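**Student:** got a sequence here, can you build the structure:
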Amino acid sequence: MNFYDAINWRYATKKMNGDAVPKEKLDNIFNAIQMAPTSIGLQPFSVIHVTDPELKEQIQPIAYGQSQIVDGSDILIFTAWDEITSERINDYVKLTGEIRDLGEEELQPVRNMAEGVASRSKEDQFNWSARQAYIALGFGLSAAAIEKVDATPMEGFKNEELDELFGLPEQGLKSIAILALGYRDEDNDWLAPMKKVRRPKEELFVKPEVPELV
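**Tutor:** Modelled structure (predicted):
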């Protein structure tokens, strides 16, 4: 299946059948998430991988009873950094230096860019981090489609309760989205037979009006 066929095949599955996603397919999805581009390359997020049935049952009421939480094979919780700390910047600069064999002077522009983000308000820092995490979420959704694994992105959950369940505040993280992975139960999924609803391209893609030169 090519990419274009895959994105037409996928949909936000509402009912999953409980079948396990093979490790090879999971690894490919995880690799896509890891390789997703982020601003400065900082990757200011972490992804929690949940497979334990008892833990899924604790998450389900927090996610307003959505069945994919317990019927899905794997649950990925995308969490964003609550702030860009000096420690996090130092870790990233060090990693960049090790991988690219660069000295501190050569790494200074990278440090300056990261510190520029860190100079913003704490709320802006978190919102910036969350936007980077959403890029990775999109890559995960696309990779799942290529692997013909169903994936349901969710924002419908109580963030603070989920954060408390996993002790995220102590880790400097906040939950932003859940991605349920598994396989569709077509006979019991009301959305499965329905056509996708998307705005026409001529409305979605617009050309700016060029101002007249005076």
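
**Student:** so what's residue 1 scoring on pLDDT?
**Tutor:** pLDDT for residue 1: 77.

**Student:** ugh, wrong one, I meant residue 211
**Tutor:** 82.

**Student:** what does residue 116 give?
**Tutor:** 97.

**Student:** what about it, how many residues close to it?
**Tutor:** Residue 116 has 11 neighbouring residues, counting by other C-beta atoms under 10 Å. Any C-beta I mention is one placed from the backbone N, CA and C, and that applies to glycine too.

**Student:** try residue 48
**Tutor:** What residue 48 shows, counting by other C-beta under 10 Å, is a neighbour count of 16.

**Student:** right, and it touches residue 77 too?
**Tutor:** Yes - taking contacts as C-beta atoms under 8 Å, residue 48 lies within contact range of residue 77: 4.1 Å.

**Student:** anything in contact with each of these two?
**Tutor:** Counting by C-beta atoms under 8 Å, 6 or more residues apart in numbering, the residues touching both residue 48 and residue 77 are residue 166.

**Student:** and the helices in this protein, which stretches?
**Tutor:** Along the chain, the stretches classed as helices by DSSP state H are 3-9, 23-35, 53-62, 68-71, 86-100, 104-118, 122-146, 159-166, 201-204.

**Student:** in the first one, what counts as buried?
**Tutor:** This points to helix 3-9. residue 6 (16 or more other C-beta atoms under 10 Å).

**Student:** distance of the residue of the chain most remote from its centre from residue 207?
**Tutor:** Ranked by distance from the centre of the chain (C-alpha atoms, centre = their mean), the top residue is residue 214, with 46.4 Å. The gap separating residue 214 from residue 207 is 21 Å, by C-beta to C-beta, to the nearest Å.

**Student:** please report how far the residue nearest the centre of the chain lies from residue 188.
**Tutor:** Most central in the chain under C-alpha atoms, centre = their mean is residue 137, positioned 2.5 Å from the mean C-alpha point. Distance from residue 137 to residue 188, counting by C-beta to C-beta: 26 Å.

**Student:** just give me the longest strand of this protein.
**Tutor:** Identified as the longest strand of the chain according to DSSP state E is strand 173-182.

**Student:** next, the contact list for residue 111, please.
**Tutor:** Residue 111 neighbours (C-beta under 8 Å, 6+ apart): 89, 93.

**Student:** how about a cut-off of 6 Å?
**Tutor:** residue 93 (C-beta atoms under 6 Å, 6 or more residues apart in numbering).

**Student:** what of residue 203?
**Tutor:** So residue 203 contacts nothing (C-beta under 6 Å, 6+ apart).

**Student:** per-residue confidence for it?
**Tutor:** pLDDT at residue 203 comes out at 94.

**Student:** same check, this time on the one 3 residues further on
**Tutor:** Predicted confidence (pLDDT) for residue 206: 92.

**Student:** okay, now the nearest residue to residue 39 once chain neighbours are set aside: neighbour count?
**Tutor:** Leaving out its chain neighbours, the residue that sits closest to residue 39 by C-beta to C-beta, 6 or more residues apart in numbering is residue 132, at 5.9 Å. Neighbour count for residue 132, taken as other C-beta under 10 Å: 21.

**Student:** where's residue 132 relative to residue 45, distance?
**Tutor:** Distance, residue 132 to residue 45, by C-beta to C-beta: 6 Å.
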